[in-house]
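> no FASTA, just this:
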Ligand code: HEM
């Protein structure tokens, strides 16, 4: 589809946002979406800063504009709450969590959990992150090939266990890994499907979903029960949640399990997907790989990295940012407009779901030169100086900004340094890596050969 005009309307009266010219009378954008799921939002965002689209019977808005995103997520955030249809699917009959709640329910959760993600706390996680990563790297041999997407999901899950709950999830990792993958696949198919199979129907998908919820609940309950018997106090997220169960009437152990589960869910696949994309882009850009390896060799050499080293690795951060720009794990997020609104001259109807096109904004020519080119150098202070702050939203911004960003960034830095000191990650000839649209945007087919360095 060709790129159309991005001008906002000039009239005073708010107008209806346009639709894609190829939208269908009966099905709306349904067949267009499924013909190229990975690029649908990117493509549709080119029609204008706000576009109305319909998947089967439901009308939604797609916003591809940094200023509109700021209005929705910050300035007028009280009018744009978590989208109830999506949150109902994510909660799947379970309790609300930090991720899915709004208003007062959200505020107390965020205040309670914020200290577990504090900078000082993250610094204390450094050893745990390195231990888990070294365990993985030590188990590898040169010449072997590994599915790096899966490997990154395993190591980031182990790190969540160590840092948030102070436990070793090794014994449960294979089951938990299957459970979270199944959960993710089921949720995305429920979100995109116009017809919802009732949860009580004994379909394979429903049975798998039930089984994966049982695995998650059993594993996390046993972690919680073990902690109940611990004699030494631990200053981690689990401790903060347990205290809340004890002092707050409405907060039950069952709710706490859902909170723990949503932290594992939100915290491991996203970081893993970014790491996997980084390994992929290094194979595509040997010049970037060479420069990154040189920086790591000069600053770290053969020793173990420390937290203090991380600020001496500017190019590594530029590569991470550029990967998050090109391949944001959350390519879009949604809110529901509570009252009718007007944004930049466009009408927003009360009750309408508004999709913020994170990937579209991060590849919009109004904010980025050559947006489709992978160019870590665009992250120098000089080239970043005049950029719209809301044009880069991998962790979102405003009050609902990702609570895990500092942890995730530290993890990515330490994991990459540890892996790249030891191996080069090479794709076999003819390998085809594609965007796989799941709950997060991840690469498919990332079987890589390990070459010694
Ligand atoms: C590259 C890694 C990550 C990315 C790209 C990412 C992205 C995001 C985004 C876009 C949101 C906002 C969703 C919305 O409100 O619509 C979010 C929220 C959240 N993230 Fe992350 N995330 C990452 C890592 C993590 C980690 C490591 C954790 C926890 C250990 C985490 C936990 C959460 C939680 C709990 C929320 C909800 C916060 C709230 O609403 O107050 N995330 N994340």
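Received it, and whenever you're ready, just let me know what you need. Note that the coordinates shown come from a computational prediction; the quantities given were computed from them, not determined experimentally.
> how close does the residue lying closest to residue 436 once chain neighbours are set aside get to residue 212?
The shortest distance from residue 436 to any non-neighbouring residue, by Cβ to Cβ, 6 or more residues apart in numbering, is to residue 444 (3.9 Å). The C-beta positions use only the backbone N, C-alpha and C, and glycine is treated the same way. Per Cβ to Cβ, to the nearest Å, residue 444 is found 21 Å from residue 212.
> So between the two, which is more surrounded?
A direct count of neighbours by other Cβ atoms under 10 Å for residue 444 and residue 212 places residue 212 higher, at 21 against 14.
> tell me the pLDDT at the more buried one?
As predicted, residue 212 sits at a pLDDT of 88.
> Can you report how many residues neighbour residue 244?
18.
> Report the secondary structure element holding it.
helix 237-247 (DSSP states H and E).
> contacting residues around the residue in the stretch 351-453 of the chain that the ligand sits nearest to?
As assessed by Cβ to the nearest ligand atom, the ligand sits closest to residue 404 within the stretch 351-453 of the chain, at 2.2 Å. Residues near residue 404 by Cβ atoms under 8 Å, 6 or more residues apart in numbering: 117, 263, 266-267, 270.
> Give me the buried subset of those.
For the contacts of residue 404, burial is judged from neighbour counts taken by 16 or more other Cβ atoms under 10 Å, and it is met by 117, 263, 266-267, 270.
> so how far is the helix holding residue 244 off the chain centroid?
26 Å (Cα atoms, centre = their mean, to the nearest Å).
> Can you point out the buried residues in it?
237-242, 244-245.
> what would the residues you listed look like in TSV with pLDDT and distance to residue 14?
Converted to TSV, these look like this (pLDDT from 0 to 100; distance: Cβ to Cβ, whole Å):
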residue	pLDDT	distance to residue 14
237	92	44
238	93	48
239	90	50
240	89	45
241	91	44
242	90	50
244	84	44
245	87	47
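> and of these, the nearest to the ligand?
Nearest member of the buried residues of helix 237-247 to the ligand, counting by Cβ to the nearest ligand atom, is residue 237, at 8.3 Å.
> Identify the residue spatially nearest to the closest one, adjacent ones excluded.
With Cβ to Cβ, 6+ apart, the residue lying closest to residue 237 is residue 116, at 3.8 Å.
> Return the distance of that neighbour relative to residue 451.
38 Å.
> of those two, who's got more company?
The neighbour comparison of residue 116 against residue 451 (other Cβ under 10 Å) goes to residue 116, with 21 against 11.
> Surely that one touches residue 160?
No - assessed by Cβ atoms under 8 Å, residue 116 is found out of contact with residue 160, at 11.5 Å.
> sorry, back to before: of the buried ones among the contacts of residue 404, which belong to helices?
Counting by DSSP state H, these place 263, 266-267, 270 in helices.
> what are the ranges of the strands in the stretch 301-450 of the chain?
333-337, 341-343, 346-348, 353-356, 423-426, 434-437, 441-444, 447-452 (DSSP state E, counting those that start in this stretch).
> which one of those lies closest to residue 156?
strand 441-444 (12.1 Å; Cβ to Cβ).
> who touches the helix or strand of the chain with the lowest mean pLDDT?
When the helices and strands of the chain are scored by mean pLDDT, DSSP states H and E, helix 84-91 comes last with a mean of 72. Here helix 84-91 makes contact (Cβ under 8 Å, 6+ apart) with 97, 99-100, 187, 190-191, 258, 334, 336, 353.
> run the last query once more with 7 Å
100, 187, 190-191, 334, 336 (Cβ atoms under 7 Å, 6 or more residues apart in numbering).
> Filter those down to just the buried residues.
For the contacts of helix 84-91, a neighbour count by 16+ other Cβ under 10 Å gives the buried set as 100, 187, 190, 334, 336.
> Residue 134: neighbouring residues, count only.
Using other Cβ under 10 Å: residue 134 sits among 14 other residues.
> helices or strands up against the helix or strand that contains it?
Using DSSP H and E, residue 134 maps to helix 126-138. With contacts taken as 3 or more Cβ pairs under 7 Å, 6 or more residues apart in numbering; DSSP states H and E, helix 126-138 sits against helix 148-165, helix 405-422.
> Please point out which parts of that helix sit buried.
So, applying 16+ other Cβ under 10 Å, buried residues of helix 126-138: 126, 128-130, 132-133, 136-137.
> The residues you listed: which ones sit near the ligand?
With the criterion set as Cβ under 6 Å from any ligand atom, no member of those is near the ligand.
> of these, closest to residue 388?
Taking Cβ to Cβ as the measure, residue 388 lies nearest residue 129 of the buried residues of helix 126-138, at 32.5 Å.
> residues in contact with the closest one?
Applying Cβ under 7 Å, 6+ apart, the residues near residue 129 are 159, 410-411, 414.
> Skipping its backbone neighbours, what lies nearest it in space?
Counting by Cβ to Cβ, 6+ apart, residue 129 lies nearest to residue 414, which is 4.8 Å off, once chain neighbours are set aside.
> what does the stretch 1-150 of the chain have sitting close to the ligand?
Within the stretch 1-150 of the chain, the positions near the ligand by Cβ under 6 Å from any ligand atom are 98-99, 110.
> can you put the residues you listed in JSON lines and add secondary structure, neighbour count and pLDDT?
Listed next are those as JSON lines, based on DSSP: H, G, I helix; E, B strand; the rest coil; neighbours: other Cβ atoms under 10 Å; pLDDT from 0 to 100:
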{"residue": "98", "secondary structure": "coil", "neighbour count": "19", "pLDDT": "93"}
{"residue": "99", "secondary structure": "coil", "neighbour count": "20", "pLDDT": "92"}
{"residue": "110", "secondary structure": "helix", "neighbour count": "13", "pLDDT": "94"}
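> closest to residue 389 among the residues you listed?
residue 110 (21.4 Å).
> check contacts around that closest one.
residue 98.
> Spell out the residue ranges of the helices in the stretch 251-400 of the chain.
253-284, 286-299, 314-326, 358-362, 381-384 (DSSP state H, counting those that start in this stretch).
> Tell me which of those lies nearest to the ligand.
From these, taking Cβ to the nearest ligand atom, the stretch that ends up closest is helix 253-284, at 2.8 Å.
> just how off-centre is that closest one within its chain?
The answer for helix 253-284 is 7 Å, by Cα atoms, centre = their mean.
> got the angle for that helix vs helix 405-422?
40 degrees (axes from the mean of the first three to the mean of the last three Cα atoms, to 10 degrees).
> Now do the buried residues in helix 253-284.
255-283.
> what does stretch 446-453 give?
So stretch 446-453, judged by 16+ other Cβ under 10 Å, has buried residues 446, 448-450.
> picking up where we left off before, which of the ones in helices among the buried ones among the contacts of residue 404 lies closest to residue 144?
residue 270 (26.4 Å).
> Please name the nearest non-neighbouring residue to that closest one.
In space, residue 270 is closest to residue 329, 4.2 Å off (Cβ to Cβ, 6+ apart).
> same deal with residue 136?
Nearest one to residue 136, counting by Cβ to Cβ, 6+ apart, is residue 155 at 5.0 Å.
> just checking, the one you found touches residue 133?
Yes - the pair residue 155 and residue 133 passes the contact test of Cβ atoms under 7 Å, sitting 6.1 Å apart.
> Fine by me, we can end here.
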